[in-house]
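> Requesting a structural model of the entry that follows:
(2 chains)
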Amino acid sequence: MSTTSSRQSTPEDTPGRGPRGSSPTGPGKNPGDVELPALGPVGMARWAWAQLTKMNTALFLLLLLAVAAVPGSTFPQRIQDTGAVADYIDANPTLGPWLDRLQFFDVFSSVWFSAIYILLFVSLVGCVLPRAGKHWRAWRAQPPRTPKRLERLPEHRRLVLGGPADAPAPDEVVAQAARLLGKRGYRVAVRDTGGPAPSVAAERGMWKEVGNVVFHLALLGVLVSVAVGSLFGFKGQKILVEGDSFANSLINYDAFIPGTNYDPDQLEPFSLTLENFEVEFYRDTAVPSQYGTPVDFTAEVTVQQPGGQPRQETLKVNAPVNVDGVKSFLIGNGYAPLIRVTDGNGDVAFEGPVVGIPSDGVYTSSLVLKVPDAAPDQLGFTGLLLPTAVTGADGLPRSADPGLANPKLILSSYSGDLGLDSGVPQNVYALDVEGLTELNGMLTPDGPITLDAAGPVYELPQGKGSIEFLDVKRYVGLDIVYDPGRTGAFVSFVLAFTGLLMSMFIARRRLWVRASKGVDKDGAPTTILEYGLLARGEDPRLAAEAQRLGELFTQQWGTAPPPADAAAHPKTSRAHSGPAHT
Amino acid sequence: MPVPSNSSLPTHPSRRRVLSLAGAGVLGVVMAGCGAEEDPLAQQANTGDEKGYIAGDGTVSEYAPDQRGEPVQFSGTLFDGTELSAEDLRGKPALLNFWYAACPPCRVEAPDLAELAQQFEGQIAFYGVNLRDDQATAEAFERTFGIPYPSFEDKDGKVVMALNAYVPPRAVPTTLVLDAQGRVAARILGIADRSILETLLEDTVAETA
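This next block holds a predicted model:
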């Protein structure tokens, strides 16, 4: 990016703005003043473009992006947990709505965050494309011409080749040097052959800049891929009890977060049946602290696509089931007791699994069951499932283990209007007991309902009906995710990393070798080989390369003792920046 | 420090103005792209109410006879065990209502559906498609609202998946009206407004006659 950084000067740099302007002739009269050209819209645009594509700007935008992402970790985000955002807004009635208006709960899709990364995007494109073009031209061009004074280069050596009798011809030396350099990965151009001082211009490390450009383009690729994912992807949730199926249709989701441009009529058609779900718990008593912690989760599922044969797949944590790019991740699990509720009229008003939300390591699960079709009164139940119920020291029941050794339900019951008939959506995991009559609870005469294998049925008071605990099934919580940008993001990331390594570890060097005829101190003819190296950018190994080349050349031709003047300055100071190469 | 040249002065404000205009333009484009009216689906995703189903907003799509797709194909099992396919429904219009017992909007429209089923008896075949319930729960719902028509037991999603290829049911509840040839004539996402549904059904009956 640095190539564009110094292209434009700011208006303040223009001569005439300095203290000289305060001459007695007064403002505007100073003959030394250079009038600023009035920039038209085109000039203005060019200036803005130049500012935007500066490396400073890109770095600043990158920094700004990092700063702008901070609220994403300090405030709850809708993409992660919509419930947490709702809770936050409820808890902060003044600040919450304002934060919401300013999109602090949707940081990564907010206008301001998008503005920063789009600008960064444009800045990168505006910087990288011209740079790639420049490199393309440099690649096709010959290595630069040989400077007149090689001793001004950061690394410079001078060798006197051969003895008086067998001094090689300069043209031959240059041709041979070109071959040697070619083998070392330099691209070479032989110049001035037939003249008194033929030379080889060589250059290597062209891939460094390629790596650099690839790195920047791949960063763009990451941005584009992420954008594609958030535009055309979706994420949905579904709880699936053992034996149940899920057809990938919007109507079957528990919750669904569409991408900005997602068309919900285009869901990949497939169905997924949870045949069996196993949780393996740690059962080695030698490590009591680990005893009973879950070790492995395995779901056996059947996937069916239209027109295809059903196929068995295994779903594990971090090993999603993939159906044409739609991935179903295993993100949660728990117990769902099978319950039958008979109403006051003696009819079965509910029968089925009730999803319990585990609240601790021993799967103590909270349950809410609403039975809106119980007659004459609707019934509601809240309470706990204890997978392995024991009585604690305090006389209260609790779960001792996550396994299903002694499943027990402890429930409160209510009757009255559940509010479902009004059509207002309700949280399925909460029972609003306001307006309901408590039938069973901690404080009622009959106490809470307890159901287990020994006593699976309970008659509700006041002839309201009965409840029966039939069985316990397991369920899984699935995240069903479609992210069309995922592959692109991965490829881009790999490319970016490769490009970064290339640009970091490939040294870009220029090298010139010149051979000429000379005489030694005894007046005998010799051939003098002189070479200089120039690094582009930091290159701590430049001196080592110069040394190695010296060894190669010596090995090729042998050397006479170096002439006195060469010994005086075996290599020139590094302070020189070399000839005007940029 | 005195200003060196008056003539250079006017260029600065204009430069700034152009810049701010350009900035506003860029921001405008960004906002147009990202800040557009959120669709109802994204909106309900953002409420985080854990209601556990995808709601519809009552959107009605009606398809003129020449704009309807292919006749639908599906098969499923009613709660009483009867196997039924789309072929069996051909010859007169049909209504498919997708529901489950604990879904609040399903409970709101149920009385209307029950009445309309009586009203159009013999003219239109009504069927429910139950998405989540076991038989006893579904029957309790039918008892509560006096639903006279049978429902498909579709916990395995067979009917839903088959219909996805035509006009997909996208919310709970969804109501599809099929014409005599079995093509989707109308779709209501969310609570079916009684008078709208009645008109749709009358139109479908009229075109068959």
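> On the three-state scheme, A:Cys125 is what?
No, residue A:125 isn't Cys; it's Val. Counting by DSSP: H, G, I helix; E, B strand; the rest coil, the backbone at A:Val125 sits in helix.
> Next, count neighbours for the nearest residue to it once chain neighbours are set aside.
Excluding the flanking residues, the one nearest A:Val125 by CB to CB, 6 or more residues apart in numbering or on different chains is A:Leu220, at 6.6 Å. In short, each C-beta sits where N, CA and C put it, glycine included. Number of residues near A:Leu220 (other CB atoms under 10 Å in any protein chain shown) recorded here: 16.
> Is A:Leu220 within a helix or a strand, and which one?
helix A:206-232 (DSSP states H and E).
> Averaged pLDDT, that helix. What do you get?
Across helix A:206-232, the average pLDDT comes to 87.
> which secondary structure elements does that helix contact?
helix A:111-140, helix A:486-505 (3 or more CB pairs under 8 Å, 6 or more residues apart in numbering or on different chains; DSSP states H and E).
> Which parts of chain B are strands?
B:59-62, B:75-77, B:83-85, B:94-99, B:125-130, B:151-153, B:174-178, B:184-189 (DSSP state E).
> Just send those back as CSV, with mean pLDDT, distance to chain A and mean neighbour count too.
Converted to CSV, those look like this (pLDDT from 0 to 100; distance: least, CB to the nearest CB, whole Å; neighbours: other CB atoms under 10 Å in any protein chain shown):
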stretch, mean pLDDT, distance to chain A, mean neighbour count
strand B:59-62, 90, 11, 14
strand B:75-77, 94, 12, 17
strand B:83-85, 94, 15, 12
strand B:94-99, 96, 6, 26
strand B:125-130, 96, 9, 23
strand B:151-153, 96, 11, 24
strand B:174-178, 95, 6, 25
strand B:184-189, 94, 9, 24
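> how about these in CSV, adding distance to A:Val323?
Output for the strands of chain B, formatted as CSV (distance: least, CB to CB, whole Å):
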stretch, distance to A:Val323
strand B:59-62, 28
strand B:75-77, 22
strand B:83-85, 25
strand B:94-99, 23
strand B:125-130, 23
strand B:151-153, 24
strand B:174-178, 23
strand B:184-189, 25
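> How much space separates A:Leu436 from chain B?
Remark: distance between A:Leu436 and chain B (CB to the nearest CB, to the nearest Å) = 16 Å.
> doesn't A:Leu418 make contact with that residue?
Yes: using CB atoms under 8 Å as the test, A:Leu436 is close enough to A:Leu418 to be in contact (7.5 Å).
> Please identify which of these two sits among more neighbours.
Legend: neighbour count by other CB under 10 Å for A:Leu436 and A:Leu418, higher for A:Leu418 (25 against 19).
> Not counting sequence-adjacent ones, nearest residue to that one?
A:Gln378 (4.8 Å).
> who's the most centrally placed residue in chain B bridged to?
The centre of chain B sits closest to B:Leu189, judged by CA atoms, centre = their mean, with a distance of 2.4 Å. Legend: beta-bridge partners of B:Leu189 under DSSP bridges are B:Thr59, B:Thr174.
> which residues does it contact?
When contacts are counted by CB atoms under 8 Å, 6 or more residues apart in numbering or on different chains, B:Leu189 touches B:Gly56, B:Asp57, B:Gly58, B:Thr59, B:Pro169, B:Arg170, B:Ala171, B:Thr174.
> repeat that for 10 Å
A:250-251, B:40, B:54-61, B:98, B:168-175 (CB atoms under 10 Å, 6 or more residues apart in numbering or on different chains).
> for A:Pro445, same thing?
A:Pro461 are the contacts of A:Pro445 under CB under 10 Å, 6+ apart.
> backbone phi and psi for it, please?
phi -60, psi -40 (degrees, to the nearest 10).
> Quick check: pLDDT value at it.
Predicted confidence (pLDDT) for A:Pro445: 86.
> where are the low-confidence patches of chain B?
By pLDDT under 70, the weakly predicted segments of chain B are B:1-39, B:48.
> Considering helices and strands only, name the one in chain A with the lowest mean pLDDT.
Of all the helices and strands that make up chain A, helix A:2-5 has the lowest average by mean pLDDT, DSSP states H and E, namely a mean of 39.
> and the residue of the stretch 151-300 of chain A nearest chain B?
A:Ala247 (2.5 Å; CB to the nearest CB).
> picking that back up, would you put the C-alpha positions of the helix or strand just after the least confident helix or strand of chain A in CSV?
From helix A:2-5 onward toward the C-terminus, using DSSP H and E, the following helix or strand is helix A:41-52. Below are the C-alpha coordinates for helix A:41-52, written out as CSV (Å, rounded to 0.1, in the frame of the first residue of the first chain):
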residue,chain,number,x,y,z
PRO,A,41,-15.6,18.0,-8.8
VAL,A,42,-13.3,15.7,-10.7
GLY,A,43,-10.2,16.9,-8.9
MET,A,44,-12.2,16.7,-5.6
ALA,A,45,-13.1,13.1,-6.3
ARG,A,46,-9.5,12.3,-7.2
TRP,A,47,-8.3,13.8,-4.0
ALA,A,48,-10.9,11.9,-2.0
TRP,A,49,-10.0,8.7,-3.8
ALA,A,50,-6.3,9.3,-3.1
GLN,A,51,-7.0,9.9,0.6
LEU,A,52,-9.2,6.8,0.8
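> quick check: angle from helix A:41-52 to helix A:111-140?
Counting by axes from the mean of the first three to the mean of the last three CA atoms, to 10 degrees, helix A:41-52 lies at 90 degrees to helix A:111-140.
> Name the next helix or strand following helix A:41-52 along the chain.
Counting by DSSP H and E, what follows helix A:41-52 is helix A:55-68.
> Remind me what that following helix packs against, helices and strands.
Other helices and strands packing on helix A:55-68, by 3 or more CB pairs under 10 Å, 6 or more residues apart in numbering or on different chains; DSSP states H and E, are helix A:2-5, helix A:41-52, helix A:111-140.
> at 6 Å instead, please
Applying 3 or more CB pairs under 6 Å, 6 or more residues apart in numbering or on different chains; DSSP states H and E, one finds that helix A:55-68 contacts helix A:111-140.
> Just give me the neighbour total for A:Pro288.
By other CB under 10 Å, 8 other residues sit near A:Pro288.
> oh sorry, the question was meant for A:Glu280
A:Glu280: 10 surrounding residues under other CB under 10 Å.
> That one - that's part of a helix, no?
No: per three-state DSSP, A:Glu280 lies outside any helix segment and is strand.
> Which element, helix or strand, includes the closest residue in space to it that isn't next to it in sequence?
Closest residue to A:Glu280 apart from its sequence neighbours, by CB to CB, 6+ apart: A:Asp296 at 4.2 Å. Using DSSP H and E, A:Asp296 falls within strand A:294-304.
> Tell me which residues of that strand come out buried.
Neighbour-count burial for strand A:294-304, counted by 16 or more other CB atoms under 10 Å in any protein chain shown, picks out A:Phe297, A:Ala299, A:Val301, A:Val303, A:Gln304.
> For B:Ala165, see how far away the last one is.
This points to A:Gln304. According to CB to CB, to the nearest Å, A:Gln304 stands 14 Å off from B:Ala165.
> Tell me the secondary structure at A:Glu313.
Going by three-state DSSP: A:Glu313 is strand.
> pretty sure A:Asp377 is touching A:Ser413, no?
No: applying CB atoms under 6 Å, one finds A:Asp377 not in contact with A:Ser413, separated by 10.9 Å.
> Between these two, which has more neighbouring residues?
Set side by side, A:Asp377 and A:Ser413 show more neighbours around A:Ser413, with 28 against 21, by other CB under 10 Å.
> Report the rounded mean pLDDT for the helix or strand hosting that one.
Per DSSP H and E, A:Ser413 falls inside strand A:408-416. For strand A:408-416, mean pLDDT is 95.
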